[in-house]
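Engineer: give me coordinates for this.
(chains A and B)
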Amino acid sequence: MRTLAVIIAFALPAAAGAAEAKLLNVSYDPTRELYQEVNPAFARQWEAKTGRKVTFQQSHGGSGKQARSVIDGLEADVVTLALAGDVDALHDKAGLIPADWQKRLPDNSSPYTSTIVFVVRKGNPKGIRDWGDLARPGVVVVTPNPKTSGGARWNYLAAWAWALRREGGTPEMAREFVAALYRNVPVLDSGARGSTTTFAQRGIGHVLVSWENEALLLSEEMGPGKFDIVCPSSSILAEPPVTVVDKYADRHGTRALAQAYLEFLYSPEGQEIAARHHYRPRLEAAAAKHAAHFPQLKLFTIGEVFGGWKRAQKEHFDDGGTFDAIYERR
Amino acid sequence: MNESEVSARRSAIRARGQVAFAMLVLGMPVSATATEPAAAAPPVAESEVPSAGGGTAAIRRELVELQAALDELDQRGRIVERKVELDQETRTADAKKAAVPVAGEAGFVLRSADGRFQVRIGAVMQADSRWLPGDDSRKAADSFLLRRVRPDITGTLSNFVNFRLMPDFGEGKAQLVDAYLDVHPRSWHRLRAGKFKPPFGQERLQSTKALVFVERGLTTNLAPNRDVGVQLYGELAGGVVGWTVGAFDGAADLASLDGDTNDEKDLAVRLVVRPFAAAESETLSGLGIGVAGTLGTSDGKPEAPGLASYKSPAQNTVFSYRSDTKAPTEANTVVAAGERRRISPQLFWYAGPFGLLADYVLSTQEVKAGTKRNTLDHEAWSVAASFSLAGDKVTYDGIRPLHGLDSPQPGAGAWEIGLRYGELRADRASFPAFADPAKSASEAREVGAAVNWYPSRTWRVGVNFERTDFKGGAKAGDRPSENAVLTRLQAAF
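Structural biologist: From the prediction side, this is the model:
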């Protein structure tokens, strides 16, 4: 009878898996169109392989905000966020994933990359050529809030790194430059997509500092004749990471499904979809095929300039960090 | 720059524009296609007349500056509008996260905006009276009493886990009645763990708020009250089949257990079938049959025998095992000593204003007293019918008056009458070794009638008349019949 009691106590039926599986992917702001194509493609492959259907629920928003939602209880099976620092928070603040999560998938768990470029009005009336032009008086810059948006943090770090790596550049000069840039920022949206709306649809600003994939998507959707894309002299290699959220995936019984879903992003089909949505693929064959689509840019990594996300987050974006000091003094 | 400053700036630029336009008109030749003479221009001070050659350039510079100023003003206006828009989005997002307090007949509820988290505070309070007319020999006195005073705290966590915490302060006691967690990933399987009613007695499983009669019938004597354990349960086939399987510490008949004294556990199983659950006919869809059983082992001690005393509806003892509460020993106190089995076929039928509950219970327990051992079979059965006089729907969960005093269309509330018949038979082998025939009846037969008034959904007034006849239970012959009038004023939300 004791054994029976134990069996009953722990016998949550294995047949729970027999019903249609559901997966919640909590992602950052600009990936809506990407996962609208990825999800049905993966679902077809999964059903062909296992005979089981899967449905998806997507959540999009500023990467930092999305990470906080998951920490606060939004039960994501996977997160596909803008930067590793936001994913680290799932371990540091809630123990939802292991500390070595980034090693579980290739390329530091980043199946695709992007970078930061500028979108300007057609004809580039303000003559924006490089990062330094963003701090000129009279130039209105649109970029999201680094406290909530992962893209905004890439923007900030790319600007900082440009100023630091100039000849004679010092951290103080980088700080002054970034401060001058943010004096030209009148509106801080919570996410990259919001900034795109501010610039493209609300007609605010002379230049949008944007994810490359978002800039190419904007050009594609709005058609030629409205905007130009300007590539700065150097920019940061943005590596948006993905991971299974272990605690919730195990609770839902979706670990195997979630793992397969993320591995699909690395597959030839997944890489092709990423490239079609203007993300730089990791797979050599896909990267070679789409090389002409992506401008040649001098790219540096966050590790090279800032020593990694943990250090960058602590120094610049945590409460009381450099961004807070810069923004409060505007 | 705020809206008023923007507006002032626009006015200033408009004025400059008018001056610039006037200067432009004065500086330009008249068009060759003009057929009417140009309207006389407003007089201009001599100092304002531009000199030939440099005047046009100045006007153009002015226009360029004007355009730049207009662009800047336009941008500022758009920025103000966008900030208002973003602020509204933030307010809307924050409002969605705000908790929502609600108060009503379901209690006081605090719910998160997305409904995934909620806590509900309810309560049951029953102010009863018991009267035994024409009986001066009983030890039980006519009395008013607070039968139950139960705050009831329930809630939901993440839409996935329910919890319940319900103490009881009735009759001057303080005890934990229910405390459990309920995990429910699917409708067809749920897991409950904690202290709660085991899946056995049909009338016991009915909420105290929903009882037709003030006190439960004779069959409930042979069912456990509360036990600590874990159960899996759910519904299949759209509610046609309800199933429950549980493992518990093993409460005796009528007992409410908070822990165990031995390693053995009781298994409890209940299966209920509503064959016409999906039928359109309300008459048939409320019909259900079920069977429940428990199997376990109970070993009592003289200080805690693990056996029950059975009671009449007026809560007077009908049958009890021999015991000496002052100096209990193995010789003078009967204890549970081995296997305990129960089985109960059950039937319920609810059709509009009519309700029927019927069940039979056989409870088998191995007992011992000193060197004497035996297996005793006690049985009981009961049929109870209720009828709503004004057509309100009767259900297992009680009556919800259509037109209560506080309804949007107020009325006289709901009136209900109930009739019940039940019998309890103690195993003859109980006597005399394990039960004193001069104190314990071998049979009890109960007839009850109830009248209930539900002025609203949250309170009710009830009056019962109960007559119980006995076989045995007296020094000579049969114990005198018991007539009881029971009343209840109940508030429940």
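Engineer: contacts, neighbours, all on C-alpha from now
Structural biologist: Noted.
Engineer: quote the end-to-end distance of stretch A:273-280.
Structural biologist: 10 Å (Cα to Cα, to the nearest Å).
Engineer: please apply the same query to stretch B:324-338.
Structural biologist: First-to-last residue span, stretch B:324-338, Cα to Cα: 21 Å.
Engineer: got the contact list for that stretch?
Structural biologist: Residues from elsewhere that reach stretch B:324-338 (Cα atoms under 8 Å, 6 or more residues apart in numbering or on different chains): B:297-307, B:321-323, B:365-371, B:434.
Engineer: who touches A:Glu136 in this structure?
Structural biologist: Glu isn't right for residue A:136; it's Arg. Applying Cα under 8 Å, 6+ apart, the residues contacting A:Arg136 are A:180-181.
Engineer: okay, it: pLDDT?
Structural biologist: Here the pLDDT value assigned to A:Arg136 is 95.
Engineer: low-scoring stretches of the stretch 201-330 of chain A, by residue?
Structural biologist: A:329-330 (pLDDT under 70).
Engineer: rerun at 80
Structural biologist: Applying pLDDT under 80 to the stretch 201-330 of chain A picks out residues A:224, A:328-330.
Engineer: quick one: the helices in it, in order.
Structural biologist: A:212-222, A:246-252, A:255-266, A:268-276, A:284-289, A:302-306, A:309-312, A:322-328 (DSSP state H, counting those that start in this stretch).
Engineer: put together TSV for those helices, with distance to chain B and mean neighbour count on each row.
Structural biologist: Converted to TSV, the helices of the stretch 201-330 of chain A look like this (distance: least, Cα to the nearest Cα, whole Å; neighbours: other Cα atoms under 10 Å in any protein chain shown):
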stretch	distance to chain B	mean neighbour count
helix A:212-222	19	18
helix A:246-252	9	18
helix A:255-266	17	19
helix A:268-276	30	21
helix A:284-289	38	14
helix A:302-306	30	15
helix A:309-312	27	16
helix A:322-328	17	15
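Engineer: now stretch B:228-244: buried residues?
Structural biologist: B:228-235, B:239-244 (16 or more other Cα atoms under 10 Å in any protein chain shown).
Engineer: save the residues you listed as CSV, and put in secondary structure too.
Structural biologist: Shown next, in CSV, are the buried residues of stretch B:228-244 (DSSP: H, G, I helix; E, B strand; the rest coil):
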residue, secondary structure
B:Val228, strand
B:Gly229, strand
B:Val230, strand
B:Gln231, strand
B:Leu232, strand
B:Tyr233, strand
B:Gly234, strand
B:Glu235, strand
B:Gly239, helix
B:Val240, coil
B:Val241, strand
B:Gly242, strand
B:Trp243, strand
B:Thr244, strand
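Engineer: and the residues you listed, which is closest to B:Thr468?
Structural biologist: Using Cα to Cα, B:Val228 comes nearest to B:Thr468 of the buried residues of stretch B:228-244, at 32.7 Å.
Engineer: leaving out sequence neighbours, find the closest residue to that closest one.
Structural biologist: B:Lys195 (4.2 Å; Cα to Cα, 6 or more residues apart in numbering or on different chains).
Engineer: next, the one you found: secondary structure please.
Structural biologist: strand.
Engineer: burial measure for the closest residue to chain A within the stretch 251-400 of chain B, as a count.
Structural biologist: Here the stretch 251-400 of chain B gets closest to chain A at one residue, B:Lys265, 5.6 Å apart by Cα to the nearest Cα. By other Cα atoms under 10 Å in any protein chain shown, 22 other residues sit near B:Lys265.
Engineer: distance of A:Gly223 from A:Gly194?
Structural biologist: Taking Cα to Cα, one finds A:Gly223 at 19 Å from A:Gly194.
Engineer: who has more neighbours, those two?
Structural biologist: When neighbours are counted by other Cα under 10 Å, A:Gly223 and A:Gly194 differ, and A:Gly194 comes out ahead with 20 against 10.
Engineer: what pairs with the closest residue to chain A within the stretch 201-350 of chain B across the strands?
Structural biologist: Closest to chain A within the stretch 201-350 of chain B is B:Ala247: 5.0 Å, counting by Cα to the nearest Cα. With DSSP bridges applied, B:Ala247 shows beta-bridge pairing to B:Val230, B:Leu267.
Engineer: ok, it - how many residues close by?
Structural biologist: So B:Ala247, with other Cα under 10 Å, has 30 neighbours.
Engineer: so it makes contact with B:Thr294?
Structural biologist: No. Using Cα atoms under 8 Å, B:Ala247 is not in contact with B:Thr294; the gap is 9.4 Å.
Engineer: so what sits against both of these two?
Structural biologist: Common neighbours of B:Ala247 and B:Thr294 (Cα under 8 Å, 6+ apart) are B:266-268.
Engineer: which among the residues you listed end up buried?
Structural biologist: So, by 16+ other Cα under 10 Å, the buried ones in these are B:266-268.
Engineer: these into TSV, with extra columns for pLDDT?
Structural biologist: Formatted as TSV, these follow (pLDDT from 0 to 100):
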residue	pLDDT
B:Asp266	94
B:Leu267	96
B:Ala268	97
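Engineer: which of those sits closest to A:Lys103?
Structural biologist: Among those, and counting by Cα to Cα, the member closest to A:Lys103 is B:Leu267, at 47.3 Å.
Engineer: from memory the closest one sits against B:Leu295, does it?
Structural biologist: Yes. Assessed by Cα under 8 Å, B:Leu267 is found in contact with B:Leu295 at 5.2 Å.
Engineer: excluding chain neighbours, what is closest to B:Arg428?
Structural biologist: B:Ser442 (6.8 Å).
Engineer: B:Lys439: what secondary structure?
Structural biologist: coil.
Engineer: now it. Nearest residue, chain neighbours left out?
Structural biologist: Using Cα to Cα, 6+ apart, the closest residue to B:Lys439 is B:Gly473 (4.6 Å).
Engineer: what number of residues lie near the one you found?
Structural biologist: Neighbours around B:Gly473, by other Cα under 10 Å: 22.
Engineer: what about it, distance to A:Ala287?
Structural biologist: From B:Gly473 to A:Ala287 the distance is 94 Å (Cα to Cα).
Engineer: and for stretch A:235-244, what's in contact with it?
Structural biologist: With Cα under 8 Å, 6+ apart as the criterion, stretch A:235-244 contacts A:77-84, A:87, A:97, A:101-102, A:108-117, A:154, A:157-159, A:162, A:255, A:258-259, A:262, A:297-302.
Engineer: so how far is it off the chain centroid?
Structural biologist: 6 Å (Cα atoms, centre = their mean, to the nearest Å).
Engineer: and the buried residues of stretch B:228-244, which two are the farthest apart?
Structural biologist: The widest separation within the buried residues of stretch B:228-244 (Cα to Cα) is 27.9 Å, between B:Val228 and B:Val240.
Engineer: which stretches of chain B have low pLDDT?
Structural biologist: In chain B, residues with pLDDT under 80: B:1-54, B:93-106, B:112-116, B:134-141, B:158-160, B:185-188, B:238, B:261-262, B:278-283, B:406-409.
Engineer: center of chain B - which residue?
Structural biologist: B:Thr154 (6.8 Å; Cα atoms, centre = their mean).
Engineer: isn't it up against B:Phe163?
Structural biologist: Yes. Here B:Thr154 reaches B:Phe163: they are 5.5 Å apart, a contact under Cα under 8 Å.
Engineer: list the contacts of the residue nearest to B:Arg428.
Structural biologist: B:319, B:425-428, B:470-473.
Engineer: what comes up buried for the biggest helix by length in chain A?
Structural biologist: For chain A, the helix with the greatest residue count under DSSP state H is helix A:32-50. Within helix A:32-50, the residues that count as buried by 16+ other Cα under 10 Å are A:32, A:34-35, A:38-39, A:42-43, A:46.
Engineer: do the same with stretch B:467-480
Structural biologist: B:467-474, B:478-480.
Engineer: what's the answer for stretch A:224-237, then?
Structural biologist: Buried-residue list, stretch A:224-237, by 16+ other Cα under 10 Å: A:227-232, A:234-237.
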